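J.: What would the 3D arrangement of this be:
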Amino acid sequence: QKGKSPCCTIQAMAIVHKARALALLAVALALIGAAVARSSPKQLGGPPSEFHKHGIPNPTLGALFQNAAVFFVTLDQAGDLLWTFNMDLPVDSQDAFQFSVFSPLNDHFTLTLTSPQGDAMDLASHASDSFWPVGDSAEEIKTTLYTFKNPQTGVYKLSIEAPSLSLERLEQLMSISRSASDHHALVLLWNDTPQKLFSHLARYQDSMCQDDDFAVVARMYDERVNPSLTENIGHVPVALKDVVTQAELIVNLPNGTTFATPMHDDGLHSDGVADDGVYGGDFIASESGSYLVQTVFRGNHADGSPFVRTVEHQARVVPRDVVLKPNAEMSIDLKNARLLFNIDVAENQENDFSSAYRAYTQVWGTNVFSGKQVPVAWASSIVRPTAGANGQSVVTLEMDMNWLLAAEAVGPFELRETYLQEINSFVPVSEVDTIPVKFTLQHAQHINSTLTTLRKTYTGEYTEAMRFGVRPEHIKRSNLTASTTLVMLHGYCSQQNPWEENSQDFTDAAYFKDPEASRSHDEFSNLVMNFAEKDLGLSAYSLIGHSQGGMVSLHIYNFYWSGVDSTDTGRKVQALGSPFMGNSGAGFWAEVLKLLGGCDSNPDLGRDGATLWLTGISEAAANGMYFYYTQYDKGGLFGQGFCNALTNAILESPNDGVTENAYAILPGGNNLGLTKGQCHIGDMEWPASYLDNSRNAEMNAKAAR
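T.: Numbering: from 1, shown residues only. Okay, here's the model as predicted:
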């Protein structure tokens, strides 16, 4: 235009472009906000009678116990084309022992076994083909299992040789390994004996964050003179004294380096009193990431027979990015009759607060009659620190005011046993015993007037709002935009979705796929919700999960508002073969898979990870889970049956080849029973559980729609 300089024209165009950019940014932010809102966390709550379920648990609940041993093998170069490794295999069973070797080099190995008397053993006559399952699919790692019945006890010598193998070829074969360490093979040794190693973390708090003192406590015990540890989870067995000659921790760091540190029975290493057969060991977890902490015991029984036992603890060490402070302010949502507790947190300067946490607290109030402090309710949610009204970073928890009526309480309030867990590991990162809540006269007036209104309709029953928070508008059934669908979930490290093999058994089903992946429950959950609600456009759906998929179904239902909550009557979440209480072989499992090119470790599936995760599961959500589990039937090598002879060596019996019966039980869930003669996946000794047409038909018919 005339009268305007080119400079002004450029400036005007810039203003227009900037306005358009801002408009597009506003749209993008709105879309992001909508996406976040569609998976907004629930505000969980429950009565004081449930306090004991939600505190930081005792680590004996996640203890591991084994009569097996795992050895890490690093070959020595004995010549230009020769690689060797020699090791002892202590055998203390007169009934049977087994061993197997796992390596990308298996096809190049020559194995030699020598008896305690120095005689060469005929390995071929004791060999059988077996495999290690990769994950929640029929993919498998083939290997050879060597079984010896009625053996002589003593120290056997195993020699591993890889002849005619150049360094270049060895490195090429090992290139599939995803392990950060430099070992070339793993050896698994199993002795059929009642003497086992019992090992657990000394504590969960102040132990699993970067630069914490990570401590482990362990003992040998005889299962014949102790209650069943799978039937009495958390029980600590009586230690065997004077049998251990060497106890140590072998620590595999996230960067691949390994070191050993001794364990002591001196009363100074979280081991109780000195010389009682209980050993403790510790180290400083100087970096964050995935650790494998192996407890190793060697010794001799009273009859002189030598033994070795190991237990593999899979742990994730996280940065301590936020720290709770003993200060909280309160605001009131009068429309929804809710108290909001804004708890101060101190932030690590490097933390951008992109991480989420599970927050938990006990709310204590003042009894309306006695004026004494009384427990009111617990509150929990997935939170991210935000800027509070006073400029201080805070995390916010909510409580429905009907809990005040149930407890006959008012303010002032106090928060107790408050803690934060990192959401992808459920590692406790900060806890405070007592937090006073600032309470004003205006707070008291608003609470009194609101309680007067609530009393008119209060029945004493726990409502959805009390248990889960205020239902978002888009979750209400009156706002459904699509028909209900079943969403079928696979488990850890699956190549495909196993439910598809019998897709004719399910009506209006969609099959989630995240092939060959290792995801935390929370990462997995968000992928599922995006798949169902964004990719498929579903506003209502129920979930059926196999293995980890069942745990993820419960995680979604418990922690997030989603289309699962929009379904009507029926089972909103169902599971088959899910290790709700963890898998005792998860540590070894992860090492095998990483060594042979499989998936990364998944601490959520270990016994410690599952124990920590379950603290966040509300009774109300558990009541909504319907689960099935299976196991082998009688028969097999030792007459008692198995699904997979290899995994049976490190899993507690009975099991389905992956999931142990004792740990397939969800406390508070709906146990729909055990089926014998079915295994976790295909190619095991019995058919895969997910191929059962009758059960599939029941799950399909009972699913919420």
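
J.: Please report the distance of the closest residue in space to D600 that isn't next to it in sequence from R178.
T.: Distances taken as Cβ to Cβ, 6 or more residues apart in numbering put S518 closest to D600, at 4.4 Å, once the chain neighbours are dropped. Backbone N, C-alpha and C define where each C-beta goes, glycine included. As judged by Cβ to Cβ, to the nearest Å, S518 and R178 stand 10 Å apart.

J.: same deal with Y632?
T.: With Cβ to Cβ as the criterion, Y632 and R178 are 30 Å apart.

J.: quick one, what contacts the residue nearest to D600?
T.: With contact set as Cβ atoms under 8 Å, 6 or more residues apart in numbering, S518 has these partners: 492-493, 599-602.

J.: and it, which of the three is it?
T.: Classification of S518 by DSSP: H, G, I helix; E, B strand; the rest coil places it in coil.

J.: List the beta-bridge partners for T434.
T.: T434 has the following beta-bridge partners by DSSP bridges: R416.

J.: What is the burial count for it?
T.: Neighbourhood size, T434 [other Cβ atoms under 10 Å]: 12.

J.: before we move on, what about K438?
T.: K438, neighbours per other Cβ under 10 Å, totals 12.

J.: What separation do you get for it and T245?
T.: To T245, K438 is 59 Å away according to Cβ to Cβ.

J.: One more: L454?
T.: Distance, L454 to T245, using Cβ to Cβ: 67 Å.

J.: Which one's more surrounded, the two?
T.: Per other Cβ under 10 Å, whichever of L454 and T245 has more neighbours is L454, with 15 against 11.

J.: ok, for F131, nearest residue in space, not its chain neighbours?
T.: In space, F131 is closest to E140, 3.9 Å off (Cβ to Cβ, 6+ apart).

J.: need the contact list for that neighbour.
T.: By Cβ under 8 Å, 6+ apart, the residues touching E140 are 131-134, 683.

J.: List the beta-bridge partners for it.
T.: Here E140, judged by DSSP bridges, has bridge partners P133.

J.: hmm, back to that, which among the contacts of S518 count as buried?
T.: The neighbour-count criterion (16 or more other Cβ atoms under 10 Å) marks 492-493, 599, 601-602 among the contacts of S518 as buried.

J.: Comparing Y632 and R178, which shows the higher neighbour count?
T.: Remark: of Y632 and R178, Y632 carries more neighbours, 24 against 13, as counted by other Cβ under 10 Å.

J.: Give me the distance between the more buried one and Y663.
T.: According to Cβ to Cβ, Y632 and Y663 sit 16 Å apart.

J.: Could you do I56 as well?
T.: Note on I56: its distance to Y663, by Cβ to Cβ, is 20 Å.

J.: and the two? which has more neighbours close in?
T.: Ranked by neighbour count (other Cβ under 10 Å), I56 and Y663 place Y663 first, with 22 against 17.

J.: Contacts only, for that one.
T.: 230, 579-584, 607, 610, 652.

J.: shaky segments in the stretch 501-650 of the chain?
T.: Scanning the stretch 501-650 of the chain for pLDDT under 70 picks out 635-640.

J.: and S103, how many neighbours?
T.: 24.

J.: Settle this for me: it is touching H184, isn't it.
T.: Yes. Using Cβ atoms under 8 Å, S103 is in contact with H184, at 5.9 Å.

J.: anything in contact with each of the two?
T.: V73.

J.: which residues of the protein fall in helices?
T.: Assigned by DSSP state H, the helices in the chain fall at 6-37, 51-54, 167-174, 402-407, 441-454, 464-468, 521-529, 548-559, 586-595, 607-614, 619-622, 645-648, 693-702.

J.: ok, and which of those helices has the densest surroundings?
T.: Highest mean neighbour count among the helices of the chain (mean count of other Cβ atoms under 10 Å): helix 548-559, with a mean of 29.

J.: Are there residues contacting both of S518 and R178? Which ones?
T.: Counting by Cβ under 8 Å, 6+ apart, the residues touching both S518 and R178 are D600.

J.: okay if I get the helices of the chain as CSV plus distance to V296?
T.: Formatted as CSV, the helices of the chain follow (distance: least, Cβ to Cβ, whole Å):
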stretch, distance to V296
helix 6-37, 46
helix 51-54, 34
helix 167-174, 24
helix 402-407, 49
helix 441-454, 57
helix 464-468, 46
helix 521-529, 30
helix 548-559, 29
helix 586-595, 13
helix 607-614, 18
helix 619-622, 37
helix 645-648, 21
helix 693-702, 42
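
J.: and W83, which of those helices is closest to it?
T.: Closest to W83 of these, according to Cβ to Cβ: helix 167-174, at 6.6 Å.

J.: Once you drop chain neighbours, what's closest to V225?
T.: Per Cβ to Cβ, 6+ apart, closest to V225 is V238, 6.9 Å.

J.: Distance of that neighbour relative to E223?
T.: Plainly put, V238 is 11 Å away from E223 if you go by Cβ to Cβ.

J.: Of these two, which one has the most company?
T.: Higher neighbour count among V238 and E223: E223, with 16 against 13, using other Cβ under 10 Å.

J.: residues in contact with that one?
T.: Applying Cβ under 8 Å, 6+ apart, we find E223 in contact with 194-196, 229, 237.

J.: same thing with N661?
T.: N661 makes contact with 230, 629, 631, 652, 654-655, 674, according to Cβ under 8 Å, 6+ apart.

J.: number of nearby residues for L186?
T.: Residues near L186, counting by other Cβ under 10 Å, number 19.

J.: Hmm, I typed the wrong one, I wanted G411.
T.: 18.

J.: Quick check, pLDDT for it.
T.: We note a pLDDT of 97 for G411 in this prediction.

J.: Quick check: chain neighbours aside, which residue is closest to it?
T.: F439 (4.7 Å).

J.: from what I can see the one you found touches P412, true?
T.: Yes. Contact criterion Cβ under 8 Å: F439 and P412 qualify, at 4.0 Å.

J.: tell me the mean pLDDT for stretch 221-232?
T.: 97.

J.: can you pull the buried residues of it?
T.: Neighbour-count burial for stretch 221-232, counted by 16+ other Cβ under 10 Å, picks out 221-223, 226, 229-230.

J.: Many thanks, we can stop here.
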